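> Generate coordinates for the sequence data below:
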Amino acid sequence: MRIHFIAIGGSAMHNLAIALHKKGFIVSGSDDLIFEPSASRLSRFGIFPEQLGWHEELITPDLDAVILGMHALTDNPELLKAQELGIKVYSYPEYIYEQTKDKLRVVIGGSHGKTTITSMILHVLNYYKKDFDYLVGAQLEGFDTMVKVTDSAPLIIIEGDEYLASPIDRRPKFHLYKANIAVISGVAWDHVNVFPTFENYLHQFDLFIDTIEPGGKLFYCENDKELHTLVVNSRKEIVKTGYEIPAHCVNNGITYLMPENLPLKIFGDHNLMNLSAAKLVCKEIGISEDDFNNAITSFKGAAKRLELLNTENNTNIYKDFAHSPSKLKATIEAVKSQFEERKLVACIELHTFSSLNKNFLLQYADTMIRADNPIVYIDIKTFQQKKIKPFTEIDVQTAFRNDKLTFFDNASTLEQYLRGLNFSHTNLLLMSSGNFGGMDLVKLARELNT
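Modelled structure (predicted):
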């Protein structure tokens, strides 16, 4: 099979390209910009483009398929050439389904927690050396790539993103996988550029339920009222099972799963809820509860999900992917509840389209109320690039309903402020799906005054 990737440098795209290369396919690709770690990984497998840019001569009649990434535009010359030649153009979720339609497909959806649930399942399956394929949105310890597609594996575990499949396929990605077993971890409005109202966003999860294969199963977060109503009202004839936070206790900063009294390396209600979902899925695919519990005690979490950068004396410094209101609130709550005797400095970078929408910003009301020192950072360059009028500190404080909040729009000024704080008996939580203006968070974590 000869496959060409348009916009091969994307996170999922370059991982799928590597997976197909490993499967024996002849893979080529193009992109106008390729950043790390995509560049090094593509080079390691000999599939980095010979030259950057779009080149329609790369699209030849002997191609079996073209896979189109979201970074490409609808007038991309390679896309137009493929359409002219009548070559089948797939989005990457479409192609994942094409490669796995004879397998058992487990799809993890939801506004938050889906990466962690997927990662937990992968960790357990890997612990017992099971044969499985996967697609996950983070780099995991013990896994070389974020995508694996083989001929031999009987099942695939898929993190099902609700964002659009491709520039020419406006369906959410998770609608295309046709799950046999599905999870919905919760629903909280996001991607306002695509789903302008909460009702429109919620409807995508209703449609997702409809895509579950006949005789399939759905596990969903019982505590999410909107989701519970959605599932109960769905007429899809599948088995629907709710899940809740498991019995646990916290002792000296460590969470124990009860009644077995098993120490976990993760913490927080949100992660414990994710654990319940992962346990149900694992049971469905043949892992007993005891075996799951034994394996999950060594799970450290997905990359950038409450990732511990440094710990010293009575100070922990975490990096987290949180950026939406629900994720922000849950992450702060987790750290504060786990270390009630410590103060918490919580800093979030806002840079997504949704978070920089002044109307959507109101969704952040009271999300940082439990932080002792709440900080919001938005790079002034982000406003300039998106041609948005910059927010003021008053704008942010008003939207967050938090007059304790400090606002920064310059990374150097923010770093100087953090370095000037005393972190004795104080935790620091750095949250972003961006990069804090290029700040070296690992170096900062090592050098803070603890």
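
> Farthest from the middle of the protein: give me that residue.
Going by Cα atoms, centre = their mean, the residue of the chain most distant from its centre is residue 61, 36.3 Å out.

> Would you mind listing the residues in contact with that residue?
85, 87 (Cβ atoms under 8 Å, 6 or more residues apart in numbering). Backbone N, C-alpha and C define where each C-beta goes, glycine included.

> Can you tell me how far it is from residue 107?
34 Å (Cβ to Cβ, to the nearest Å).

> swap in residue 10?
According to Cβ to Cβ, residue 10 and residue 107 sit 20 Å apart.

> more crowded one of those two?
residue 107 (30 against 19; other Cβ atoms under 10 Å).

> could you give the mean pLDDT of the helix or strand the more buried one falls within?
Secondary structure assigned from DSSP states H and E places residue 107 in strand 104-109. The average pLDDT within strand 104-109 is 98.

> And for that strand, what's in contact with it?
Outside strand 104-109, the residues touching it (Cβ under 8 Å, 6+ apart) are 97, 114, 117-118, 121, 154-160, 162, 174, 177-185, 205, 208, 213, 277, 281, 285.

> Could I get the contacting residues of the closest residue in space to residue 350 that isn't next to it in sequence?
Sequence neighbours aside, residue 378 is the residue nearest to residue 350 in space, at 5.0 Å (criterion: Cβ to Cβ, 6 or more residues apart in numbering). Taking Cβ under 8 Å, 6+ apart, we find residue 378 in contact with 349-351, 356, 390-391, 396, 407-409.

> Any figure for the gap between residue 378 and residue 111?
In terms of Cβ to Cβ, residue 378 sits 22 Å off from residue 111.

> what's the answer for residue 65, then?
31 Å.

> higher neighbour count, the two?
Neighbour comparison, residue 65 and residue 111: the larger count goes to residue 111, with 23 against 19 (by other Cβ under 10 Å).

> Is residue 4 in a helix, a strand, or coil?
Assigned with DSSP: H, G, I helix; E, B strand; the rest coil, residue 4 falls in the strand class.

> who's it bridged to?
Note on residue 4: beta-bridge partners residue 28, residue 66, judged by DSSP bridges.

> How confident was the prediction at it?
For residue 4, pLDDT reads 98.

> Pretty sure it sits against residue 31.
No - Residue 4 sits out of contact with residue 31 when judged by Cβ atoms under 8 Å, with a separation of 11.7 Å.

> Next up, phi/psi of the residue nearest to residue 350, please.
Phi and psi for residue 378, reported as degrees, to the nearest 10, are phi -130, psi 120.

> remind me which residues of this protein are low pLDDT?
Within the chain, not a single segment meets pLDDT under 70.

> Could you chop it up by domain?
Split into domains by automatic domain parsing, the chain comes to 2-87, 95-296, 307-447.

> And the first one, how far out from the chain middle?
This means domain 2-87. Chain-centre distance of domain 2-87: 23 Å, with Cα atoms, centre = their mean, to the nearest Å.

> Doesn't residue 228 belong to a strand?
No - counting by three-state DSSP, residue 228 falls outside a strand, being helix.

> residues near it, how many?
Neighbours around residue 228, by other Cβ under 10 Å: 14.

> For it, which non-adjacent residue is spatially closest?
The shortest distance from residue 228 to any non-neighbouring residue, by Cβ to Cβ, 6+ apart, is to residue 222 (6.2 Å).

> Let me see the contact set for that neighbour.
Contacts of residue 222 (Cβ under 8 Å, 6+ apart): 228, 242-244.

> Just the buried ones from those residues?
242-243 (16 or more other Cβ atoms under 10 Å).

> Please tell me how far residue 311 sits from residue 148.
Counting by Cβ to Cβ - residue 311 and residue 148 are separated by 32 Å.

> Which one's more surrounded, the two?
residue 148 (22 against 14).

> wait, isn't that one in contact with residue 136?
No - Residue 148 lies out of contact with residue 136 (Cβ under 8 Å); the separation is 9.4 Å.

> Touching both of those two, which residues are there?
By Cβ under 8 Å, 6+ apart, no residue touches both residue 148 and residue 136.

> Confirm for me that residue 347 is in contact with residue 431.
Yes - using Cβ under 8 Å, residue 347 is in contact with residue 431, at 6.8 Å.

> Of these two, give the one with the bigger neighbour count.
A direct count of neighbours by other Cβ under 10 Å for residue 347 and residue 431 places residue 431 higher, at 25 against 22.

> Do a quick rundown of the helices in the protein.
Under the criterion DSSP state H, the chain contains helices at 11-22, 38-44, 77-85, 92-100, 114-127, 198-211, 225-233, 269-284, 289-296, 325-338, 380-386, 393-400, 411-419, 441-447.

> got a markdown table for those, with distance to residue 262 too?
Shown next, in a markdown table, are these (distance: least, Cβ to Cβ, whole Å):
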| stretch | distance to residue 262 |
| --- | --- |
| helix 11-22 | 32 |
| helix 38-44 | 35 |
| helix 77-85 | 51 |
| helix 92-100 | 33 |
| helix 114-127 | 14 |
| helix 198-211 | 32 |
| helix 225-233 | 28 |
| helix 269-284 | 11 |
| helix 289-296 | 6 |
| helix 325-338 | 16 |
| helix 380-386 | 43 |
| helix 393-400 | 37 |
| helix 411-419 | 35 |
| helix 441-447 | 29 |
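
> what's the closest of those helices to residue 371?
With Cβ to Cβ as the measure, helix 325-338 is the member of the helices of the chain nearest residue 371 (5.5 Å).

> and that closest one, what other elements does it pack with?
Using 3 or more Cβ pairs under 8 Å, 6 or more residues apart in numbering; DSSP states H and E as the contact test, the elements touching helix 325-338 are helix 269-284, strand 315-320, strand 343-349, strand 426-431.

> Now that helix: buried residues?
325-336, 338.

> sorry, back to before: just want to check the distance between the residue nearest to residue 350 and residue 356.
Counting by Cβ to Cβ - residue 378 and residue 356 are separated by 7 Å.

> Now do the shared contacts for those two.
By Cβ under 8 Å, 6+ apart, the residues touching both residue 378 and residue 356 are residue 350.
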